[in-house]
Structure formats: structure tokens, C-alpha cells
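J.: Make a model of this:
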Amino acid sequence: MFKSAFFAGVLVAATTMVFDWAVAAPLGATLNMRADQMAPVEEQTEPGYEAPAHFKRQIVAYNGSEAPGTVIIDTPNTYLYLVLNGGRAMRYGIGVGRDGFRWSGVQHITKKAEWPDWTPPAEMIARQPYLPRFMAGGPTNPLGARAMYLGNTIYRIHGTNAPSTIGQRVSSGCIRLTNEDVIDLASRVNVGTKVIVINSADHRAEAPMVTAPVSLRLR
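T.: As a prediction, this is how the structure comes out:
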């Protein structure tokens, strides 16, 4: 893990409480780095971390009515589904918003980015004035390896350099996947993809979906 005295306290808070990010190196160290020089974030920030089996990317059965290519975010159960052909869906483990920051609705992907830069929105800076105003894309960037921007909102589906937060409610409303999974998802969806975000105790009432025992676990 990259560490500095400046960010050590912030990193602890980020992984346990309130942020869409986990920063583990001085900002200046990343400004001149480009994506082709960067190793996967997980290898640097949480070496040896192994996700629980149910959060690993896998194909499950699906009998809902959404068309193949649709993304369904099941916030209460911290899963993201990409509907496939043949009554199947790809399921990913995700991190979601903490209390007061979860939301629901239908959006579309309006932009995709590789190793995106991060400019915290004004709303986040107002709550957390110590955040950087800008961070270049790279291994310490909270958006991770890919970002998919949702409509005209401040929310994104993005990677993370803290994979142990998958399954947790820690963000300010963004949906996070491991870098490996967000790279996979980004390769399967396009700008214009429909994204359904569910935040309900009974998610089947909003988007009928049945997941069966895993038929194929991806490596």
C-alpha cells in the first residue's frame, strides 16, 4: 500500500465511513503518471485481499423483463446485474451509498472513461472541505480503472482502490466495483445503456428478477 503521513488518517476514514474514495499516496505523486504506467490498484492498496465468493463476478439465472444489455443495480443486496441473452445475467458485487445517500431511478450511461480524473462535486466538497479539488487518473484515484457516468447526475459506476469496501454502504451515492470487475463491465456496455437503480426492501416489486444457484463462475 502506498502511504503518506498526509493521507494516512483520510484513508482510514474513507474505508470505514463516508467517502467515494480511498487515497493512499500523495496527490503530487500521480499527476504525471498515465494509465499505461499504472499497476492494478488492488495489488497496491490491499495486497492479498480475497473477496467473498458471493461477491465474485458470476453468471446467474434471470427471468425479468428487461432487455439484454440492461444494467440493474440492486442496492439493498449490493449486486449489479448485466442482463444477458438466454435467461441469464452477469452478477457483480458492488459498494453502494451510505445512509442518506442511496437513491433509485432510471438513468443511461452518458460517458465512459478509462483511468478517469476525479473532480469532487461541489456538494461533496461542502461536506468534506479537506478533499482535493482535482486528482489525476491513476492507482490512487478513487474512481479506479474505469468510470461510467449516469445521465446528468453526479453519480457514476466506477472502480475502487479499496476492494474490501465491496458489499459495504460507504459511498456518497456512486456505485463501485473492483477494478477487475469494472473493466469487465465497461467492456460489455456502451454509451446509452439503460441503468435501473433499485433502492427498495422488496426489489422484486420494481424489477422482477430471479437469481438461481451459480451456473458458471468466472475466473
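J.: what helix or strand is Asp181 on?
T.: Asp181 belongs to helix 179-188 when elements are defined using DSSP states H and E.
J.: tell me which residues of that helix are tucked away?
T.: Of the residues in helix 179-188, those with enough neighbours to count as buried (16 or more other Cβ atoms under 10 Å) are 179-186. (C-beta placed from N, C-alpha, C; glycine too.)
J.: Mind giving me the packing neighbours of that helix?
T.: helix 41-45, strand 79-83, strand 88-93, strand 146-150, strand 156-158 (3 or more Cβ pairs under 8 Å, 6 or more residues apart in numbering; DSSP states H and E).
J.: Show residues contacting the longest one.
T.: Contacts of strand 88-93 from elsewhere in the structure, counted by Cβ atoms under 8 Å, 6 or more residues apart in numbering, are 51-52, 54-62, 72, 78-84, 166-167, 177-178, 181, 184-185, 188, 209, 211, 215.
J.: Can you name the next helix or strand after it?
T.: Beyond strand 88-93 on the C-terminal side, the first helix or strand identified by DSSP H and E is strand 96-97.
J.: now for that following strand, which elements pack on it?
T.: Secondary-structure packing of strand 96-97 (3+ Cβ pairs under 8 Å, 6+ apart): strand 169-171.
J.: so where do the helices sit in this protein?
T.: Taking DSSP state H, the helices of the chain run over residues 5-16, 41-45, 122-127, 179-188.
J.: between those, which has the poorest average model confidence?
T.: For the helices of the chain, the weakest mean pLDDT is recorded on helix 5-16, namely a mean of 35.
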